[in-house]
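K.L.:
output the structure for:
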Amino acid sequence: MNEEQNIEQLLLDYCTGQITDADTKILRIWIHKNAENLKSAVSFVNSYRKTRILQYLEYRNETQFNLTLQNSVKRKRKIHLIRWTAAAAVLLLIVSSVFLLFKNHNIPQNEPLYSEVIKKAWTKSAILTLQTGEDLILDKNLSYDLKEGNKLISKKSISTGLEYSASQKTKYSNHSLYVPKGGEYSLKLSDGTKVWLNSDSELKYPTQFDDSIREIYLKGEAYFEVEKDKQRPFIVNSSDLKIKVLGTSFNISSYLTDKSQDITLVEGSVMVVLNEKSEILKPGQQAKVNRSDNKISLKDVDVYYYTSWRDGIYNFSDIRLDELIVKLSRWYDVEFQFVNQNQRSKRLNGAVKREKELSFILEMISLTTDVEFVETKNNIIEIK
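P.N.:
Predicted coordinates:
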């Protein structure tokens, strides 16, 4: 049996749970040898999980699975990942948590690997602040109606989130919706516009828009599907930016702690206004506003990477570890600290389902890099 056949057998043994401790060590050494081996292992495991053993054998014959890969063109044909894991250079997120074998093969099944801090996962929750200053906790398991006087202004359902009633001739009030770290929430404004709010984000808006303009205020990140209304422009204010639209779908990421504000257009047209400067975006373009010099730059992007979080999937491409850590802090409401400063610039590619626990992501990073995560007594995760 040559090396290629031997590795393929080890991968199959791993997928079926029949791999031994000794073979696990051999497989892990092979995976860490170079990036091509890692990508080949990812392709194998992913195809196995999708097709099971019988379908996998058919898949192998059709694609002529090859672990040695001659060139980049062939590699792109033979290493085919599903769309949300495109360009994944690390194992982060497509393999199941059984991959913990590679780092914790000798840990007893009943021994907890992590505290509840690192096991945190995403939740659908938000805090609604009324004009009176009263705060309402919007839990995913609750449904209720919200009234002002005897008028129904909004309702909250388990399946759709917060929905404001269509135009009623009643005095409007201002509401604020805040999504804490570790959360995500969606709402439908009174004009029919749909908004998805990401973690650590806040949206301020009226319960009813007036007859001339629709204007809201955003801190953090949100995805918008704006209801068309040529008579009433829709304006999103974020920091010192104004984004003007008529009817379109776009994403805004405007966290105060980030170095830039990013506006990504999916369809339609938007105008980004900063002081006396303005730029009009076309679908598939992103406007990046640098906070240090207030310059607006445009570039063509794959909008999927910047909007897939709305569907419960986070994509990242060639991202520095210190930038990814900022995102993980928001998603899971945890604090990280770099002990080894050299790890900051390590670059990663991949994708993760929002439902995954933090422990899974950290294990996958550790498995495919030399980065180590250690939880301290005060619940801070150190990066070594």
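K.L.:
output the longest strand belonging to this protein.
P.N.:
Using DSSP state E to assign secondary structure, the strand with the most residues in the chain is strand 214-225.
K.L.:
now for that strand, which elements pack on it?
P.N.:
For strand 214-225, the packing partners by 3 or more CB pairs under 8 Å, 6 or more residues apart in numbering; DSSP states H and E come out as strand 194-197, strand 201-206, strand 234-238, strand 249-254. To be clear about C-beta, it is placed using only N, CA and C from the backbone, and glycine gets the same treatment.
K.L.:
Throw those strands into JSON lines and include mean neighbour count and distance to residue 331, thanks.
P.N.:
Rendered in JSON lines, the data for the helices and strands packed on strand 214-225 read as follows (neighbours: other CB atoms under 10 Å; distance: least, CB to CB, whole Å):
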{"stretch": "strand 194-197", "mean neighbour count": "22", "distance to residue 331": "13"}
{"stretch": "strand 201-206", "mean neighbour count": "21", "distance to residue 331": "12"}
{"stretch": "strand 234-238", "mean neighbour count": "21", "distance to residue 331": "20"}
{"stretch": "strand 249-254", "mean neighbour count": "24", "distance to residue 331": "13"}
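K.L.:
would you mind putting these into JSON lines with mean pLDDT and distance to residue 174 alongside?
P.N.:
Listed next are the helices and strands packed on strand 214-225 as JSON lines, based on pLDDT from 0 to 100; distance: least, CB to CB, whole Å:
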{"stretch": "strand 194-197", "mean pLDDT": "95", "distance to residue 174": "15"}
{"stretch": "strand 201-206", "mean pLDDT": "96", "distance to residue 174": "6"}
{"stretch": "strand 234-238", "mean pLDDT": "96", "distance to residue 174": "13"}
{"stretch": "strand 249-254", "mean pLDDT": "96", "distance to residue 174": "20"}
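K.L.:
the inter-axis angle of the longest strand of the chain versus strand 234-238?
P.N.:
Orientation note: strand 214-225 sits at an angle of 90 degrees relative to strand 234-238 (axes from the mean of the first three to the mean of the last three CA atoms, to 10 degrees).
K.L.:
using CSV, write down the CA coordinates of strand 214-225.
P.N.:
Below are the C-alpha coordinates for strand 214-225, written out as CSV (Å, rounded to 0.1, in the frame of the first residue of the first chain):
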residue,chain,number,x,y,z
ARG,A,214,-37.7,57.4,6.7
GLU,A,215,-34.7,58.0,9.0
ILE,A,216,-33.1,55.6,11.5
TYR,A,217,-29.8,55.5,13.5
LEU,A,218,-27.4,52.5,13.8
LYS,A,219,-24.5,51.5,16.0
GLY,A,220,-22.8,48.2,15.1
GLU,A,221,-23.8,46.0,12.3
ALA,A,222,-27.1,45.4,10.5
TYR,A,223,-28.5,44.0,7.2
PHE,A,224,-31.4,45.8,5.5
GLU,A,225,-34.0,44.9,3.0
